[in-house]
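*Asks:* just the structure for this:
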Amino acid sequence: MLKGNFPIENFKDLRTPFYYYDLGLLSRTLDEVRRQLSQHPDYHMHYAVKANFNPRLLEMIAASGMGADCVSGGEVEAAVKAGFAPSDIFFAGVGKSDEEIRYALGVGIGRFNVESLAELNVIDEIAASMGKVAPVSLRVNPDIGAHTHANITTGLAENKFGINHDVLEDIIRHCLTLNHVAYKGLHFHIGSQILDMSDFAALCNRINEITARLERHSLPVGDINVGGGLGIDYHHPNHLDMADFASYFATFRKHLMVKNGTPVHFELGRSIVAPCGSLICRVLYVKEGSYRQFAIIDGSMTELIRPALYKAYHRVENLSSHEPEEVYDVVGPVCESSDVFAKSYSMDKCHRGDFIAIRSAGAYGEAMASQYNLHALPSSYYHK
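*Replies:* Take a look at the predicted model:
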């Protein structure tokens, strides 16, 4: 089995499990995103903080010149602390609390992505009480499906996100009557871990339809935020260690019809940070079952919940062994039958104490960690 390049000689004194980040890969990824953006001066990136809010990663991403896409007041605060310019911070989410709205207004964020008429009115009221004007985009539910897991699609009419595009004109008209919000544009997002570029082309076509309709009714369009959603290759992290940014941005350049000078915002998260992170664990026991063999490791769903939550695939590598492969169920110690990373999985023969790498864990690993079963939250280590 081809394995990643990990300095396991440096791991022996570290408490497992821990998150391990390849900062060199992150730097190359940020360089590639900047290169793609440079081909279109109206394109702007806002890193989706929910993917990973590790302070060191956030500081690197902020230093690259990106903005931030946040879905909670805590994420806004982390972005400000990491050095993102408040004017480049966008705040989305269907359930913004009054306290979060006040905090975001107080630090002067660049945009609220508003998801309902009720939220729009509350932001107007809170901004009025503070003597401020809140810049807003209206998040539109485009009723577009995506070829991804049902739990991470967000652009269907049945999902909780966004304003139904059929009533958009009425809400824009209402927005324009409010004294303490400033209408700035439209926001869209159809889901996550999308690898089929036709999904993004379909989004562009729907945006084109909506903006043409608004223009026919003499309503402002403003800028366009297409959200994020670009996926990565979880199966081949050693061969394909970077998302296909070229095809992603080319799709929008080809299909999104906007007037010259119209800012277009992107909100990628997973594709920027997932490949650079791994969860490093040790084998606790090799257990021979009646029908299968178990590699029981000290990492679990509390450090990386995606396999339990979505049945998501992550490549698993035995970093310590170069013996012939055997077949294992790779499982964690949590008292849940769903605490499984892989079933009937072939990897180099396991022994107690072997280091195991669960790859592509840089997104929705550390960010979703919990202390279920009173597991300690892992530490993070970095490779330059």
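*Asks:* ok, now which ones touch the closest residue to residue 300 other than its chain neighbours?
*Replies:* Nearest residue to residue 300 in three dimensions, chain neighbours excluded: residue 332, at 3.0 Å (CB to CB, 6 or more residues apart in numbering). The way it works is simple: take the backbone N, C-alpha and C, and place the C-beta from them, glycine included. By CB atoms under 8 Å, 6 or more residues apart in numbering, the residues touching residue 332 are 296-302, 339-341.
*Asks:* ok, so of the residues you listed, who is nearest residue 206?
*Replies:* Nearest to residue 206 out of these is residue 301 (CB to CB; 36.0 Å).
*Asks:* okay, now the closest one: neighbour count?
*Replies:* Using other CB atoms under 10 Å, residue 301 has 25 neighbouring residues.
*Asks:* what separation do you get for the nearest residue to it once chain neighbours are set aside and residue 295?
*Replies:* By the measure of CB to CB, 6+ apart, the closest residue to residue 301 outside its immediate chain neighbours is residue 308, 4.2 Å from it. In this view, residue 308 and residue 295 are 17 Å apart by CB to CB, to the nearest Å.
*Asks:* which of these two has more neighbours?
*Replies:* Remark: of residue 308 and residue 295, residue 295 carries more neighbours, 27 against 19, as counted by other CB under 10 Å.
*Asks:* tell me the bridge partners for the more buried one.
*Replies:* Note on residue 295: beta-bridge partners by DSSP bridges are residue 286, residue 330.
*Asks:* check contacts around it.
*Replies:* 283, 286, 328-331, 347, 350, 356.
*Asks:* tabulate those residues (TSV), appending distance to residue 83.
*Replies:* TSV is the format used below for the contacts of residue 295 (distance: CB to CB, whole Å):
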residue	distance to residue 83
283	39
286	46
328	43
329	43
330	38
331	40
347	40
350	42
356	34
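*Asks:* buried ones among those?
*Replies:* Burial by neighbour count, judged by 16 or more other CB atoms under 10 Å, picks out 283, 286, 328-331, 347, 350, 356 from the contacts of residue 295.
*Asks:* can you list the weak-confidence ranges in the stretch 1-150 of the chain?
*Replies:* 1, 145-150 (pLDDT under 70).
*Asks:* and the strands in it?
*Replies:* For the stretch 1-150 of the chain, the strands defined by DSSP state E, counting those that start in this stretch occupy 18-22, 43-48, 67-70, 89-91, 111-114, 134-141.
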